[in-house]
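Enquirer: Sequence first, predicted coordinates after that:
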Amino acid sequence: MRYHGHQFRQYNPDLGDGRGFLFAQMRDKDGRLLDFGTKGSGTTPYSRRGDGRLTLLGGVREVLATRYLEHLGVNTSRTFSLIETGEALQRGDEPSPTRSAVMVRLSHSHIRFGTFQRHAYFQDTDSLETLVAYCQKYFYPETSTTPEFFEGVIVNSAKTVASWMAAGFVHGVMNTDNMNITGESFDYGPYRFLPVLDSNHTAAYFDHNRLYAFGRQPEIMYWNLAQLAQSLSLICDDQDLIQALESFAPAYRAALISEIFAKLGIEVSESEKDISFVMATFKYLEESAASWPQFWHDWQGGAGRDTSAYVGPNSEFYKGDGFADWFAEFKTYTPIKDRPKTDTPPSLLYEEIGELWAPIAEHDDWSLFEAKLASYG
């Protein structure tokens, strides 16, 4: 599908899916549409001098990302299949020649913010109205007006970025053409998962200004939604769209509280202290540089986890005034989830992907990769 988009906040009208095709649709058991789309299946009308292919390593990275994010409860596309093609590809960012694959992605929608931007760019109000009507029919049937549809997209987008923040996920390239109207995360290029909390952590080596750093992701999502609003302004009143945009902050705040409390397995108090506790948790993690995956594993299930946490790999970080202040707040919350049954937290750090890929590249040994997927349940 053709689309436009803001890439690092620079508008680009020369876009469109350069290596993928939407080739089938079906409905799931709940009646929702499912799109089957390829990635790496060859050139399209929008390939822009590319070969339209996907490296096997790129496919492996996407399989890992989708499975891990699904395990963490993030709204994400799924990887339906990954098939090696036998072709040798040349790439500037991988040792070449490298192996090729074609992947099939499963998602509830393939429609991007950039699709609306393209129609707005050409002042094509008829196509905008048709696209909104399609989205309302299949994804937001509870809405009857364009502002109501837009608010639905806002709420789902706020929930998604909140779940990224709770997962320690850095998207890497939050361009408007990489934003989906259902809020699904998709198209995993230079992503990262935090080893420790660093608000400035970026995933893309070419993001020199850290525009898409971890700590800026909510701000960027809001900005992207504002660009969608600008496109929709051709077919409805600006003030209605601005009013809808005001729903982002409370939706994000509520979703972040829900996500963080679920990760810790504690009950929300429904008071102002909840958001203060969330902020205190992020503050402690950034100042202490404690292992991100280990911290959430140590404290899932409430403050009663202290016996095992104090003798675990992160024990050195559970000392001092900063931790004592955080723990004092933590103890006021009621546990509602059992402790993890495993000793080791699930993770997908950058170096782990390299360790999983090495035996595949050298010996076609997929055993570590398969064991990693199995560890996510």
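Expert: Done, it's in. This one's a predicted model, so the numbers in the text were calculated from it and none came from an experiment.

Enquirer: what's the single longest helix in this structure?
Expert: helix 146-167 (DSSP state H).

Enquirer: Mind giving me the packing neighbours of that helix?
Expert: In this structure, helix 146-167 packs against helix 125-138, helix 217-232, helix 238-245, helix 248-264, with contacts taken as 3 or more Cβ pairs under 8 Å, 6 or more residues apart in numbering; DSSP states H and E. Every residue, glycine included, has its C-beta placed from N, CA and C.

Enquirer: between it and helix 248-264, how many degrees?
Expert: 30 degrees (axes from the mean of the first three to the mean of the last three Cα atoms, to 10 degrees).

Enquirer: Report the buried residues of helix 146-167.
Expert: Using 16 or more other Cβ atoms under 10 Å as the test for burial, helix 146-167 gives 146-147, 149-167.

Enquirer: Torsion angles phi and psi at Leu373?
Expert: Here is the backbone geometry of Leu373 (degrees, to the nearest 10): phi -60, psi -40.

Enquirer: how many neighbours does it have?
Expert: 16 (other Cβ atoms under 10 Å).

Enquirer: tell me the contacts of Glu87?
Expert: Arg53, Arg99, Ser100 (Cβ atoms under 8 Å, 6 or more residues apart in numbering).

Enquirer: what's near enough to touch the first one?
Expert: What it means is Arg53. Contacts of Arg53 (Cβ under 8 Å, 6+ apart): Arg19, Gly40, Gly42, Thr85, Glu87, Leu89, Ser100, Val102.

Enquirer: run the last query once more with 10 Å
Expert: 19, 39-43, 47, 85, 87, 89-91, 100-102 (Cβ atoms under 10 Å, 6 or more residues apart in numbering).

Enquirer: Pull out the buried residues from the longest strand seen in the chain.
Expert: Criterion DSSP state E: the longest strand present in the chain is strand 78-89. By neighbour count on 16+ other Cβ under 10 Å, the buried set for strand 78-89 is Arg78, Thr79, Leu82, Thr85, Glu87, Leu89.

Enquirer: Surely Phe21 is in contact with Ser47?
Expert: No: counting by Cβ atoms under 10 Å, Phe21 does not reach Ser47; the two are 11.6 Å apart.

Enquirer: Strands of this structure, residue ranges please.
Expert: In the chain, the strands defined using DSSP E lie at 5-7, 10-12, 22-27, 33-39, 54-55, 78-89, 98-107, 169-170, 192-193.

Enquirer: Next, the buried residues of the lowest-mean-pLDDT helix or strand in the chain.
Expert: For the chain, using mean pLDDT, DSSP states H and E, the weakest element among its helices and strands is helix 306-309, scoring a mean of 84. Within helix 306-309, the residues that count as buried by 16+ other Cβ under 10 Å are Ala309.

Enquirer: Also stretch 265-278?
Expert: Buried residues in stretch 265-278 (16+ other Cβ under 10 Å): Gly265, Ile266, Val268, Asp274, Phe277, Val278.

Enquirer: cool, stretch 45-59 as well?
Expert: Result for stretch 45-59 [16+ other Cβ under 10 Å]: buried residues Tyr46, Asp51, Gly52, Arg53, Leu54, Thr55, Leu56, Leu57, Gly58, Gly59.

Enquirer: Take these and write them to CSV, including pLDDT and distance to Leu131.
Expert: Output for those, formatted as CSV (pLDDT from 0 to 100; distance: Cβ to Cβ, whole Å):
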residue, pLDDT, distance to Leu131
Tyr46, 86, 18
Asp51, 90, 30
Gly52, 88, 25
Arg53, 94, 30
Leu54, 95, 28
Thr55, 96, 33
Leu56, 97, 35
Leu57, 96, 35
Gly58, 96, 29
Gly59, 97, 30
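
Enquirer: Among the residues you listed, which ones are in helices?
Expert: Counted as lying in helices by DSSP H, out of the buried residues of stretch 45-59, are Leu56, Leu57, Gly58, Gly59.

Enquirer: check contacts around His201.
Expert: Neighbouring residues of His201 by Cβ under 10 Å, 6+ apart: Gly168, Val170, Arg192, Phe193, Leu194, Pro195, Arg210, Ala213, Phe214, Gly215.

Enquirer: Distance of Gly312 relative to Ser288?
Expert: 14 Å (Cβ to Cβ, to the nearest Å).

Enquirer: and what of Phe8?
Expert: Taking Cβ to Cβ, one finds Phe8 at 32 Å from Ser288.

Enquirer: Of the two, which one has the most company?
Expert: A direct count of neighbours by other Cβ under 10 Å for Phe8 and Ser288 places Ser288 higher, at 20 against 15.

Enquirer: can I assume the more buried one is in contact with Phe282?
Expert: No: Ser288 lies out of contact with Phe282 (Cβ under 10 Å); the separation is 11.0 Å.

Enquirer: shared neighbours of those two, which are they?
Expert: Residues within reach of Ser288 and of Phe282 at once, by Cβ under 10 Å, 6+ apart, are Leu197.

Enquirer: For Leu245, state which of the contacts of Arg53 is nearest.
Expert: Closest to Leu245 out of these is Lys39 (31.8 Å), distances taken as Cβ to Cβ.

Enquirer: Which residue is the nearest non-sequential neighbour of Ala166?
Expert: Glu259 (3.6 Å; Cβ to Cβ, 6 or more residues apart in numbering).

Enquirer: now swap in Leu56 and tell me
Expert: Nearest to Leu56 is Arg99, by Cβ to Cβ, 6+ apart, at 3.9 Å.
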